[in-house]
Every structure is written in structure tokens, then in C-alpha cells.
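Novice: Sequence first, predicted coordinates after that:
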Amino acid sequence: CFDAVSGAVVWRRHLPRELGCKVPTWGFASSPLVQGDLLILNVGSAGTALDKATGRTVWTSGSDPAGYSSAVPYQHRGQAAVALFGQRAAVGVAVKTGQLLWSFPWKTEWDVNAADPIVQGDTVFISSGYQHGAALLRLDGSKPTVLWENKAMRNHVNSSVLIDGYLYGPDDDVDRTPLLRCVEWKTGAVRWTFKDFPCSALMAADGKLIVQGSRGEIIIVQARPDVCTVLAKAQPLAGRCWTTPVLSQGRLYCRNSKGELVCLDLRKPEAQPGG
């Protein structure tokens, strides 16, 4: 933890050494999540919580390797909770206590469960690559009910986005180029597949999808379930790109695996300085 003004170290922890938890094959890959005074990390079997001010351990789970997804906040029957991927299961955990609220077995080749779960009401969508697929679960107890499960959406590393009852995301598998796909949330039915673009990651803004290609391309797509319409495209980067683009104040930030970062100005000319 760093001081935001000076950059000085406020506290530091070496969790594998101190807590005895195992490091996943590709390291700890999740983003930290702040919930009130707690810092939630995908470390251990089902997460770990630290006091964000001091770094003190508030609760932890078993010592099995973690999954690669970030913790996603949601409300579980009126209490604050997070959903995340462990090494071989999707789980829900109470924020304050670390209590395991539910668990659903989800074994993927190489234990690559990396895409963040998506929670909507009492349902949660989970997905992985390596020919595994996706499922929509109803959270009606400690053992979720499967509403549907298929191979229509295989999120290898990056998550889908949910807009007005439809999932848009990268259907990515080891045997072919990743595709951009639209799937209905309630049924898992495919609405369309865009095969002319190697979709790696995406985000949504203003009713549109900002889609990162695996070779550095960017396209803007209208978020509609009936048709895939490309509104704009650019090639800001080269090389492998698996990082989700970030939009802030009209500027789009993209990064490749070499650490090269570019910023694209997406504002209308009249909104730009001197415009």
C-alpha cells in the first residue's frame, strides 16, 4: 500500500509466506477490491480480506491456489458478498466474515478460471476457455441451481459484459481465433457471432462496445442483440493484446503485452481543447 501523494510505502505483506497459501501457476492476477475498510484479494481457496489502512489480516480461506478472476461485489440475501473463481470452483463469500455462502465446481484445463463472474439479481454467469464453456446459476442456497450450461461463450482471460439482458464477449478457445459473440442471458442462446475480428477483450459505454483485438486492433460496435454493426476501427498497437481497454473522460487507454501504452482521444472535436 502506497501513500497516494508521496508514494511512500504505508504497509506491505507477503501473503504466500505469511499465510501459507499457494501461488497459482501464472501468479496472482486479480485486481484488489476495496469494500468499506476491507481490501478483498483473490488469494487462497476463496479469497482473503485485509484491513486497507494497516494491512492486517481480517479473514482468509484455505491454502489451495486461487483462481485468476477478481472479486465481484454483490448483495447476497441482504448482506455484502463477493463472487470469485477459486482454482476449481466458483464461490460466493461474505465480505465481513469470509463465510463461504455457496460453491459450484468448475474444473478447467490448466486451472485457468480467469474471467470475472457477472452477478444479476439472484443469478450469476461464469465462463472459462479451454473448451469448457459457460453457465448461468441461480443462487438459491449453498448449492446453486444450473439454469443453463453450454459452450456458446468461452471467456478465456477476459470477461463478457451484460447489457439489457444480453452478454457480449470473447468466445475464445485454444483451437482457433477468438470471436466476438452475443448470447442471451436467460437462455444461453447465441444471437450473433462476428467472425471477422479477433476479439480479446471489451468494455461498454454509451450503448456501444469498445472491443480490443488480440493483435492491437480496436473496433467500436453498436451493442444490439439483433445485428453486429461496426461503427469505427483503428490500429493503435501491434503485438499481443489481452488487456481490457479503459475509458476515462473521453480518452481510451490500450496496452499490449510488451507494456506499450497508447491513449486515443474519442471526444467530439468541439469537446476537445481549442475545438
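Specialist: Perfect, thanks for sending it.
Novice: contacts and neighbour counts: CA atoms only from here.
Specialist: Fine.
Novice: how many neighbours does Arg240 have?
Specialist: Using other Cα atoms under 10 Å, Arg240 is surrounded by 15 other residues.
Novice: sorry, that was for Pro105
Specialist: So Pro105, with other Cα under 10 Å, has 13 neighbours.
Novice: The nearest residue to it once chain neighbours are set aside and Asp171: what is the separation?
Specialist: Leaving out its chain neighbours, the residue that sits closest to Pro105 by Cα to Cα, 6 or more residues apart in numbering is Ala89, at 4.3 Å. Applying Cα to Cα, to the nearest Å, the value for Ala89 to Asp171 is 20 Å.
Novice: How about Asp111?
Specialist: 18 Å.
Novice: All the strands of the stretch 1-150 of the chain, residue numbers only.
Specialist: Under the criterion DSSP state E, counting those that start in this stretch, the stretch 1-150 of the chain contains strands at 33-35, 38-41, 48-51, 57-60, 72-76, 79-85, 89-94, 100-105, 118-120, 123-128, 133-138, 145-150.
Novice: How far off centre is the fourth one?
Specialist: Which is strand 57-60. 23 Å (Cα atoms, centre = their mean, to the nearest Å).
Novice: Outside of that strand itself, list whatever touches it.
Specialist: Here strand 57-60 makes contact (Cα atoms under 8 Å, 6 or more residues apart in numbering) with Gly44, Ala46, Gly47, Thr48, Ala49, Leu50, Asp51, Thr97, Gly98.
Novice: Among these, which one is most surrounded by other residues?
Specialist: Ala46 (31 neighbours).
Novice: And the pLDDT for that residue?
Specialist: Ala46 is assigned 98 on the pLDDT scale.
Novice: Next one: it from His156, what distance?
Specialist: Here the criterion is Cα to Cα. By it, Ala46 lies 20 Å from His156.
Novice: what residues are up against the residue nearest the centre of the chain?
Specialist: Centroid-nearest residue in the chain: Asp116, 3.3 Å away (criterion: Cα atoms, centre = their mean). Contacts for Asp116 were tallied using Cα under 8 Å, 6+ apart; they are Ser69, Ser70, Ala71, Val72, Leu84, Phe85, Ile126, Asn158, Ser159.
Novice: and if we set it to 10 Å?
Specialist: Going by Cα atoms under 10 Å, 6 or more residues apart in numbering, Asp116 touches 30, 68-72, 83-85, 90, 125-128, 155, 157-160.
Novice: For it, which non-adjacent residue is closest in space?
Specialist: With sequence-adjacent residues excluded and distances taken as Cα to Cα, 6+ apart, Asp116 is closest to Ser69, at 4.9 Å.
Novice: Low-confidence stretches in the stretch 101-250 of the chain?
Specialist: For the stretch 101-250 of the chain, the stretches with pLDDT under 70 are 175.
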